[in-house]
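# let's see this in three dimensions:
(chains A and B)
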Amino acid sequence: MRGAPELFDAAIHGDTTATARLLSLVERGGESAREVGCLSAPRAGGAYTVGLTGAPGAGKSTLTSAAIKHLRSLGDEVAVLAIDPSSPFTGGAILGDRVRMQEHAIDEGVFIRSMATRGHLGGLALATPEAIRLLDAIGYHWILVETVGVGQVEVEVAARADTTIVVVNPGWGDSVQANKAGLMEVADVFVVNKADRPGVADTTRDLQQMVELSAHMAHERSDRQEPVWRAPVVPTIGHSGEGVADLWAAVLAHREFGTSNGSLERRRRDRLNEELREIIARRLEQRAREISAGDRWQELTQQVLDREVAPWVAVDAMLGAVLQ
Amino acid sequence: VLVAKCGLDAHERGVHVVSRGLRDNGFEVVYLGLRSTPEAICSVAQQEDVDVIGISSLAGGHREFLRRLGAMMKERGMDDVLLVVGGVIPEEDVEFLYEQGVRAAFGQGTPMSEIVSFIRSNLRSQGAADGGR
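Predicted structure coming up:
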């Protein structure tokens, strides 16, 4: 059994089995995941992360596969994290994104890993940020992250990706749907996939109007100082690959926008801030569980039960211990 | 658990039932779909770091397929990955399959609990036993 440093060394020299094993450690969490994190952190930073999100069945996996094909035709290596939901009842999962990506199974320039959410909400797995960092550190320049099929509010991917693609289908809704909060707000690029079906023009128009409105308002908010990105709306047909070159041109344009005006750097800083806050929250939560036991805890609970103290007073008394 | 069909066999019903059963027993199932090659299965199993590979066969061709898969797994040092098959497997083939590295052959009508308990007790790492993949 190889240890994390040994695995890491093998992984950066192209051993995909080692990469896979490291990802398992990251997913499992705990001490060994932290060890992997410490190995990844100094080497990461070279990759560009693209998130794909959208409703179940919108064509995320098929588009991901088409995007892989496009990148491979340019000679780029690519890593993919494909997230699917875990059962909230049994913890099991069926990870089926691979079905649409079969053609890349034996391509050594493509590394695909399925991840189950394992109880995490938001469209990603808890370990996804650390997994991205690991793949980055190993040397993949493109990392595609495909979220679980989402509804309206699972927008975590937007915080994790450098460019977020939101996939919708023709006839998916009207202009009111397009202006709803949540998912629609996080798109850097919109894709109207399955564009061989009727209703493409309507959907494209609704999205474009919404994008214009958002851009206008963002412009006003910044007192017309900051350059504003207008999310392009790209029609695609995932299974034939039609429109995928245009989609990728839109991603590259967004990258160029971000690097030229510093917004990418700000985004990455915000992301890191957010991640650090989350780690703090998790550590504190764990600490909270540890201290909510024992004699002192029982004693305080009894005092609250007997109406001697208010709940928040009891909590204040315990909190000293958490924050130490 | 990586679950795949072999060769040109396109009968998906059984493999869906088994995948569902494994899911409901807490396993993470990577489903690969139809028409996989032994090479693709090995590569995917390595990238996904699975503990188990389950091959479903109905239409035949499993002898040659599993001979190649077993050989390739050995070649790539995947001896610790549990290889099992299920579906329509003639009894006279079972011995041959064991020789290729297959550890269990589950015929039609095998109860899910039998598959689950076999996998649980034969996993490479006990850490994976409470939620293997």
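# hey, let's count contacts and neighbours off CA atoms from now on
Fine.
# and A:A245, how many neighbours?
15 (other C-alpha atoms under 10 Å in any protein chain shown).
# repeat for the one 10 residues further on
Other residues near A:R255 number 18, with proximity taken as other C-alpha under 10 Å.
# show me which residues of the one helix or strand it maps to are buried.
Using DSSP states H and E, A:R255 sits within helix A:244-261. Neighbour-count burial for helix A:244-261 flags A:V244, A:L247, A:W248, A:A250, A:V251, A:H254, A:R255, A:F257, A:G258 (criterion: 16 or more other C-alpha atoms under 10 Å in any protein chain shown).
# please report how far the residue of the stretch 201-324 of chain A at minimum distance from chain B lies from A:Q298.
Using C-alpha to the nearest C-alpha, the closest approach of the stretch 201-324 of chain A to chain B is made by A:H239 at 16.0 Å. With distances taken as C-alpha to C-alpha, to the nearest Å, A:H239 is found 60 Å from A:Q298.
# higher neighbour count, these two?
A count of neighbours by other C-alpha under 10 Å puts A:H239 above the other of A:H239 and A:Q298, at 15 against 12.
# and the gap between the closest residue to that one other than its chain neighbours and A:R267?
Among residues not flanking A:H239 along the chain, A:T62 sits closest, at 6.1 Å (C-alpha to C-alpha, 6 or more residues apart in numbering or on different chains). Using C-alpha to C-alpha, A:T62 is found at 28 Å from A:R267.
# could you check which of these two has the larger neighbour count?
Comparing A:T62 with A:R267 by neighbour count (other C-alpha under 10 Å), the higher total belongs to A:T62, at 22 against 17.
# give me every residue in chain B lying close to chain A.
Applying C-alpha under 8 Å from any C-alpha of the partner chain, one finds that chain B approaches chain A through B:19-20, B:22-34, B:36, B:39-41, B:43-44, B:46-49, B:131.
# low-confidence ranges in the chain?
Just going to use chain A. A:1, A:321-324 (pLDDT under 70).
# meant chain B actually
In chain B (pLDDT under 70), the answer is B:7-10, B:125-132.
# select the longest helix from it.
Scanning chain B for the helix with the most residues, using DSSP state H, yields helix B:62-75.
# tell me the helices and strands packed up against the helix or strand that comes right after that one.
Downstream of helix B:62-75, the next assigned helix or strand under DSSP H and E is strand B:82-87. Under the contact definition 3 or more C-alpha pairs under 8 Å, 6 or more residues apart in numbering or on different chains; DSSP states H and E, strand B:82-87 sits against strand B:52-57, strand B:104-106.
# can you list contacts of the next helix or strand after the last one?
In this case it means strand B:104-106. Per DSSP H and E, the first helix or strand lying C-terminal to strand B:104-106 is helix B:112-122. The contact list for helix B:112-122, computed with C-alpha atoms under 8 Å, 6 or more residues apart in numbering or on different chains, reads B:V18, B:G21, B:L22, B:N25, B:V52, B:L82, B:F106, B:A129.
# in those residues, find the pair that's most separated.
Across these, no pair lies farther apart than B:F106 and B:A129, at 19.9 Å, counting by C-alpha to C-alpha.
# coming back round to it: I'd like the buried residues of helix A:244-261 laid out as a markdown table, including distance to chain B.
Below are those laid out as a markdown table (distance: C-alpha to the nearest C-alpha, whole Å):
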| residue | distance to chain B |
| --- | --- |
| A:V244 | 24 |
| A:L247 | 27 |
| A:W248 | 25 |
| A:A250 | 30 |
| A:V251 | 27 |
| A:H254 | 30 |
| A:R255 | 28 |
| A:F257 | 34 |
| A:G258 | 32 |
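# show me what contacts A:D246?
Going by C-alpha under 8 Å, 6+ apart, A:D246 touches A:V234.
# switch to 10 Å and redo it
A:P232, A:V233, A:V234, A:P235, A:T236, A:L252 (C-alpha atoms under 10 Å, 6 or more residues apart in numbering or on different chains).
# quick one on the thing from earlier: I'd say the residue nearest to A:H239 and A:I237 touch.
Yes - with contact defined as C-alpha atoms under 10 Å, A:T62 counts as touching A:I237 (9.2 Å).
# common neighbours of the two, please.
A:N193.
# what's B:R76 sitting at in phi/psi?
phi -90, psi 10 (degrees, to the nearest 10).
# for it, what are its contacts?
A:T17, B:C42, B:S43, B:Q46.
# related to what we said a few turns ago, which ones among the contacts of A:D246 are found in helices?
Per DSSP H, the subset of those in helices is A:L252.
# could I get the contacts of A:D246 as TSV with distance to chain B?
Output for the contacts of A:D246, formatted as TSV (distance: C-alpha to the nearest C-alpha, whole Å):
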residue	distance to chain B
A:P232	33
A:V233	31
A:V234	29
A:P235	27
A:T236	24
A:L252	28
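# what subset of the contacts of A:D246 is buried?
Counted by 16+ other C-alpha under 10 Å, those give A:P232, A:V233, A:V234, A:P235, A:T236 as buried.
# what's the burial count for the residue nearest to the third one when sequence neighbours are not counted?
By that I understand A:V234. Spatial nearest neighbour of A:V234, excluding adjacent residues (C-alpha to C-alpha, 6+ apart): A:V191 at 4.8 Å. Counted with other C-alpha under 10 Å, the neighbours of A:V191 add up to 30.
# is A:V191 in a helix, a strand, or coil?
At A:V191, secondary structure determined by DSSP: H, G, I helix; E, B strand; the rest coil is strand.
# doesn't A:E242 make contact with it?
No - counting by C-alpha under 10 Å, A:V191 does not reach A:E242; the two are 11.8 Å apart.
# between those two, what contacts are shared?
A:P235, A:T236.
# residues touching B:T37, list them.
B:T37 neighbours (C-alpha under 10 Å, 6+ apart): A:A105, A:I106, B:A4, B:K5, B:C6, B:G7, B:L8, B:S43, B:F65, B:R68, B:L69.
# most packed of the helices and strands packed on strand B:82-87?
strand B:52-57 (a mean of 24; mean count of other C-alpha atoms under 10 Å in any protein chain shown).
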